[in-house]
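*Asks:* Whatever this is, show me its structure:
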Amino acid sequence: MSWPDAAATVFVVLVASFAGTRLALWALGRRAILDHPNERSSHVTPKPRGAGLAVTAVVVVAWGALGTGAPSFERAAILSVCAGALGLAALSFVDDLKGLSVGWRLLGQFAAVAAVLAATAERGAYFAGILSPAADLFAAALLWVWFINLFNFMDGIDGIAGVETASVGFGVTCAALLAGIGQTPALLGLTIAAAALGFLWWNWEPAKVFLGDVGSVPLGFLLGWLLLDLSARGLWAAAAILPSYYFADATITLGRRALKRAPVWQAHREHYYQRAVRHGRTHAAVASAILVANVLLIALAGLGTIGWTIPALLGAAVVVGVLIFHLASGRRPDNGAPAPPPAAV
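*Replies:* Take a look at the predicted model:
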């Protein structure tokens, strides 16, 4: 595909995601498919939930089109990932509507991950050959399922999922172009970033609609595969750096809950970005801070791609540490009095 054609494709994806999200907003509102505030929420009024139906559909169609035109060694991988994303979207939409047990959700996620890893077994090691082939696949599956779930856990305020998806997608594109690993990974990253931006227009504070699990679970699945694909191509440092804030926030928070013997899977508002909102920062301010950190992480992933691996990893640790400190350091209003409820969004 020529780069003018690629630019046109990305533009079409952006417009389709924007229009599809608007259509989903109308349809979800008419059918009263709403996200009601709960222990995890940072909003106080019900909002339509399920715009991920449109975003996931747009990404899968775009990736499917790119996959059919990709070299044969990439085609099977892309099409199997698209099929897995559709399966998880269907499962997650049922979860949004009726609620499913943790066991059924994990079973579906492991099945989708295992199917893709089996279909792409010839790709080689995901962890630079430091593990045996069986251990490498097992570790990739566990890490991928963990990423799917942490991406879902982190979708708790306006704008955050769109910012992270666009950042990781664009970061994958930059790393792919710097490393010269081919046009296909770059286009996959660009298209998912464009779809995220089309959705973000409707999800920025004050959000008019939410992704729902039907969006956050498939997007976590698709982004997880992009990152594993980078690692399999030798760009493990970039793959580790790009999502490092999400990994750090989710892992530290759930680790702390586990140490307190609190239910890890129970809804809560203890992530650092949620604490920042509880302490009085706006959703837009928190999402913007994460965006600034992600821009720095993209630059550091680029440095890691061109050989500055150790400085890039150390720099990423500093960026993530500063961001977490910034989010955790907000003071409650009125000299420690409880913060007021979050504004209606």
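*Asks:* how many neighbours does residue 216 have?
*Replies:* Residue 216 has 25 neighbours, counted by other Cβ atoms under 10 Å. The way it works is simple: take the backbone N, C-alpha and C, and place the C-beta from them, glycine included.
*Asks:* Show me the strands in the stretch 1-150 of the chain, by range?
*Replies:* 34-35, 47-48 (DSSP state E, counting those that start in this stretch).
*Asks:* Looking at those, which one is packed in the most?
*Replies:* strand 47-48 (a mean of 23; mean count of other Cβ atoms under 10 Å).
*Asks:* I'd like to know which elements it is packed against.
*Replies:* Strand 47-48 sits against helix 3-30, strand 34-35, with contacts defined as 3 or more Cβ pairs under 8 Å, 6 or more residues apart in numbering; DSSP states H and E.
*Asks:* Among these, which comes closest to residue 134?
*Replies:* helix 3-30 (37.4 Å; Cβ to Cβ).
*Asks:* got the helices and strands packed on strand 47-48 as JSON lines, with mean pLDDT columns?
*Replies:* Formatted as JSON lines, those follow (pLDDT from 0 to 100):
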{"stretch": "helix 3-30", "mean pLDDT": "92"}
{"stretch": "strand 34-35", "mean pLDDT": "76"}
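*Asks:* Same list, those, but as CSV with distance to residue 85 please.
*Replies:* As requested, the helices and strands packed on strand 47-48 are exported to CSV (distance: least, Cβ to Cβ, whole Å):
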stretch, distance to residue 85
helix 3-30, 15
strand 34-35, 21
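*Asks:* Stretch 269-281: which residues count as buried?
*Replies:* 269, 271, 272, 273, 274, 275, 276, 277, 278, 281 (16 or more other Cβ atoms under 10 Å).
*Asks:* can you check stretch 132-139 too?
*Replies:* For stretch 132-139, burial by neighbour count (16+ other Cβ under 10 Å) applies to 136, 137.
*Asks:* Likewise for stretch 290-310?
*Replies:* Residues 290-291, 293-294, 296-305, 309 are the ones in stretch 290-310 that count as buried (16+ other Cβ under 10 Å).
*Asks:* Which of the residues you listed fall in helices?
*Replies:* Applying DSSP state H to the buried residues of stretch 290-310, the entries found in helices are 290-291, 293-294, 296-305, 309.
*Asks:* Next, residue 31: phi, psi?
*Replies:* phi -100, psi 10 (degrees, to the nearest 10).
*Asks:* any idea how far it lies from residue 206?
*Replies:* 22 Å (Cβ to Cβ, to the nearest Å).
*Asks:* If you count surrounding residues, which of those two has more?
*Replies:* Neighbours of residue 31 and residue 206, each counted by other Cβ under 10 Å, are more numerous for residue 206; the result is 15 against 11.
*Asks:* ok, back up a step: would you list the strands of the stretch 1-150 of the chain in a markdown table and tack on distance to residue 199?
*Replies:* Shown next, in a markdown table, are the strands of the stretch 1-150 of the chain (distance: least, Cβ to Cβ, whole Å):
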| stretch | distance to residue 199 |
| --- | --- |
| strand 34-35 | 15 |
| strand 47-48 | 13 |
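*Asks:* Out of the ones you listed, which is closest to residue 110?
*Replies:* The minimum distance between residue 110 and the strands of the stretch 1-150 of the chain falls on strand 34-35, with 26.2 Å, by Cβ to Cβ.
*Asks:* partner strands of the closest one, parallel or antiparallel?
*Replies:* Next to strand 34-35 in the sheet, as set by DSSP bridges, lie strand 47-48 (antiparallel).
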